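A.B. asks: dropping a prediction and its sequence here:
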Amino acid sequence: MDRTAYWFRLDNAGKIFPAVSDRELTSAFRISIHLKNPLKVSALQRALEKTYARFPYFNVHLKHGFFWHYLEEHKGVPQVEADTWPPMEAFQTKFVHDRLYRIRARGRQISLEMMHSVSDGGGGMQLLNSLLLAYFRELGDDIPTPKYFVDINESPRAYEFEDSYKKYFQKEIPPNIPKNKAWAPPFELKSKPRLSVIQAEISSSHVLETAKSFQVSVTEFLASVYTDALQQIHIKLREKGIKQKLGIIRMQIPINLRRIFPSKSMRNFTLFALPEIDTRLGEYSFEEITQTVHHYMKLETYPKQIHRIISRNVGSEKLFYVRVIPLFIKDMVLAAKHKSYGNAQYSGVMTNLGQIKYPEEIKKHIDGVSCTPPPPNTRTKINCSIASFENKMIASFCNISKSTELEQLFFKKLSSFGIPVKMLSWDEVLTKKSEANHDNNL
């Protein structure tokens, strides 16, 4: 007789995604490893079979209870999938219960796609790193497990399952004050299917040098470039006589809280900094934008401020009357609130996965790392993710609008600082010269 499948609750951040996800707004993100040599899918499949059971909190599907969604073990062995268009397709969670991550392969690229209900980029990167290590071992490389990797020969640790939002929730802390509505670019939506992906390769060293010249971090500099692009669009519309009702331009920047609190959770542990400029005060120079973004980021990543946000998010779910509301009503309320309030808080989204580092034994096999953001909502219409490996930074924009003006302004601004920018096609990113895969039919 089969044993009973394990199950556990969604973490605080994961609870919103089942309510707001649909065929287009899939709530799935993607992290890709670009190899120097064409991959061997048979070896990757063997590596996956040796890796997946070490991450039981990822090896799950979504179930629907009377009061809450929950995660339950997905039995069976995951299979490597062909990497075809479109990326980040919706996971089936209603009648067919998909495992909430997939491994896709093509040419020289291995990609993880994961629904945000399970984890964030920090957790997903750990799974992908362990798979990568197992893959190279399958190819005959005797590589020791780096100290910052999960050892697939060890049993899962209790802290890896932790809902760190609840752990760091302090009941006595007053909740964070909600933000007012922000302006969003009024681009016309494309007809379905809407998603397009624009990617570019950027010199990491040049970005770092330029950020230092403004005395800000790389994330702050890139967020400033994005903010400046939004401001230019806002100004252009005003000059055309198109009145803009909202004057706040606000970025949403995910922050990995594992860098602030001593958490080793593999589940979601991310909140958002929301740096902004107010165009009603006049046009901001780029120097003014960088300093404004810098100080907002410092303030909103201060631990005491983080506690206020956690207090708001976790405190509401602990209320008795919230707990006893049936799930279908919760989902309707969450979806409506997210659409009218959550999405309305920001003008653009930019995620920086940061500099991905590997020991020399692994680094010698890798050409680059990229992160593709979840498909955007119909208000902001564009999301951006950044990932860096060695001197190669890859910026990925997901866009559902008819305009590419924002991306053009973003890359043009980088070029104005002497930062090399090379546009990439999706096929080039996948295959690097469109090479066929080895030993497989993918």
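C.D. replies: Yep, that arrived. As the structure is a prediction and not an experimental result, all values here were calculated from the model. Residues are numbered from 1 along each chain as shown.
A.B. asks: so where's the stretch 1-150 of the chain uncertain?
C.D. replies: Filtered on pLDDT under 70, the stretch 1-150 of the chain yields the residue ranges 1-4.
A.B. asks: hmm, 90 instead?
C.D. replies: Confidence mapping of the stretch 1-150 of the chain against pLDDT under 90 gives the ranges 1-6, 8, 12, 15-16, 19-20, 64-69, 93-96.
A.B. asks: tell me where it has strands.
C.D. replies: Assigned by DSSP state E, counting those that start in this stretch, the strands in the stretch 1-150 of the chain fall at 7-9, 28-35, 60-64, 69-73, 81-82, 101-106, 109-115.
A.B. asks: please identify which of those is closest to T292.
C.D. replies: Evaluated over the strands of the stretch 1-150 of the chain, closeness to T292 peaks at strand 28-35, with 27.7 Å, by CB to CB. Bear in mind the C-beta positions are built from the backbone N, C-alpha and C, glycine included.
A.B. asks: now that closest one, how far from the centre of its chain.
C.D. replies: Remark: strand 28-35 is offset 11 Å from the chain centroid, using CA atoms, centre = their mean, to the nearest Å.
A.B. asks: what's next to that strand, contact-wise?
C.D. replies: Strand 28-35 is contacted from outside by 87-91, 108-116, 120-121, 124-125, 128, 132, 353, 365-375, 385, 387, 429, 432, using CB atoms under 8 Å, 6 or more residues apart in numbering.
A.B. asks: tell me how many other residues surround I233.
C.D. replies: Neighbourhood size, I233 [other CB atoms under 10 Å]: 20.
A.B. asks: repeat for the one 4 residues further on
C.D. replies: Taking other CB under 10 Å as the criterion, the count of residues near L237 is 15.
A.B. asks: which segments of the protein make up each domain?
C.D. replies: 7-167, 196-431 (automatic domain parsing).
A.B. asks: if we can go back for a sec, columns distance to E288 on top of the strands of the stretch 1-150 of the chain, output as CSV?
C.D. replies: Below are the strands of the stretch 1-150 of the chain laid out as CSV (distance: least, CB to CB, whole Å):
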stretch, distance to E288
strand 7-9, 44
strand 28-35, 32
strand 60-64, 45
strand 69-73, 44
strand 81-82, 47
strand 101-106, 42
strand 109-115, 38
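A.B. asks: and of the ones you listed, who's closest to K422?
C.D. replies: In terms of CB to CB, the element of these nearest to K422 is strand 28-35, at 13.8 Å.
A.B. asks: who does the closest one pair up with?
C.D. replies: strand 109-115 (antiparallel), strand 366-372 (antiparallel) (DSSP bridges).
A.B. asks: dump the ones you listed into TSV; add mean neighbour count as well.
C.D. replies: TSV is the format used below for the strands paired with strand 28-35 (neighbours: other CB atoms under 10 Å):
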stretch	mean neighbour count
strand 109-115	24
strand 366-372	23
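A.B. asks: could I get those as JSON lines with distance to P303?
C.D. replies: Output for the strands paired with strand 28-35, formatted as JSON lines (distance: least, CB to CB, whole Å):
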{"stretch": "strand 109-115", "distance to P303": "28"}
{"stretch": "strand 366-372", "distance to P303": "26"}
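A.B. asks: between these, which one is nearest to K147?
C.D. replies: strand 366-372 (18.6 Å).
A.B. asks: after the closest one comes which helix or strand?
C.D. replies: strand 382-389 (DSSP states H and E).
A.B. asks: off-centre distance for that following strand?
C.D. replies: Distance of strand 382-389 from the chain centroid (CA atoms, centre = their mean) equals 8 Å.
A.B. asks: same thing with stretch 409-418?
C.D. replies: Averaged C-alpha coordinates place stretch 409-418 at 24 Å from its chain's average position (CA atoms, centre = their mean).
A.B. asks: tell me how far I366 lies from H34.
C.D. replies: The gap separating I366 from H34 is 7 Å, by CB to CB, to the nearest Å.
A.B. asks: what about the strands of the stretch 1-150 of the chain, which gets the closest to Y226?
C.D. replies: strand 28-35 (18.0 Å).
A.B. asks: what does stretch 12-22 contact?
C.D. replies: Residues outside stretch 12-22 that contact it (CB under 8 Å, 6+ apart): 10, 27, 62, 64, 68-69, 90, 93, 115-118, 120, 163, 165-166, 267-270, 310, 313-314, 317, 330-332, 334-335, 338-339, 342.
A.B. asks: ok, stretch 331-349 next?
C.D. replies: Against stretch 331-349 from outside (CB under 8 Å, 6+ apart): 15-16, 18-20, 178-179, 181-185, 226-227, 230, 248-253, 274, 325, 373, 376-377, 379-380, 382-384, 406.
A.B. asks: mind checking the end-to-end distance for it?
C.D. replies: Separation of the first and last residues of stretch 331-349 by CA to CA, to the nearest Å is 24 Å.
A.B. asks: swap in stretch 74-88?
C.D. replies: 19 Å.
A.B. asks: from the chain's centroid, how far away is that stretch?
C.D. replies: 18 Å.
A.B. asks: list the buried residues in it.
C.D. replies: Buried residues in stretch 74-88, defined by neighbour count with 16 or more other CB atoms under 10 Å: H74, P78, V80, D83, P87, M88.
A.B. asks: what's the answer for stretch 382-394, then?
C.D. replies: For stretch 382-394, the neighbour count (16+ other CB under 10 Å) marks I382, N383, C384, S385, I386, A387, S388, F389, E390, K392, M393, I394 as buried.
A.B. asks: could you dump these to CSV with distance to G241?
C.D. replies: What follows is the buried residues of stretch 382-394, written out as CSV (distance: CB to CB, whole Å):
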residue, distance to G241
I382, 24
N383, 30
C384, 29
S385, 35
I386, 35
A387, 40
S388, 41
F389, 46
E390, 48
K392, 43
M393, 38
I394, 38
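A.B. asks: farthest-separated two in those residues?
C.D. replies: Among the buried residues of stretch 382-394, I382 and E390 lie farthest apart (CB to CB), at 27.2 Å.
A.B. asks: first-to-last residue distance for stretch 71-87?
C.D. replies: 23 Å.
A.B. asks: how far out from the middle of the chain is that stretch?
C.D. replies: With CA atoms, centre = their mean, you get 18 Å for stretch 71-87.
A.B. asks: likewise for stretch 116-127?
C.D. replies: Centroid separation for stretch 116-127 versus its chain: 9 Å, with CA atoms, centre = their mean.
A.B. asks: render the CA-only coordinates of that stretch in PDB, please.
C.D. replies: This file holds the C-alpha atoms of stretch 116-127, laid out as PDB (Å, rounded to 0.1, in the frame of the first residue of the first chain):
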ATOM      1  CA  HIS A 116       6.200  31.400  -6.900                       C
ATOM      2  CA  SER A 117       3.700  29.600  -4.600                       C
ATOM      3  CA  VAL A 118       6.600  27.200  -3.900                       C
ATOM      4  CA  SER A 119       9.700  29.500  -3.600                       C
ATOM      5  CA  ASP A 120      11.500  32.500  -4.800                       C
ATOM      6  CA  GLY A 121      14.700  32.900  -6.900                       C
ATOM      7  CA  GLY A 122      16.900  32.200  -3.900                       C
ATOM      8  CA  GLY A 123      15.300  28.800  -3.200                       C
ATOM      9  CA  GLY A 124      15.000  27.900  -6.900                       C
ATOM     10  CA  MET A 125      18.700  28.700  -7.400                       C
ATOM     11  CA  GLN A 126      19.600  26.100  -4.800                       C
ATOM     12  CA  LEU A 127      17.700  23.400  -6.600                       C
END
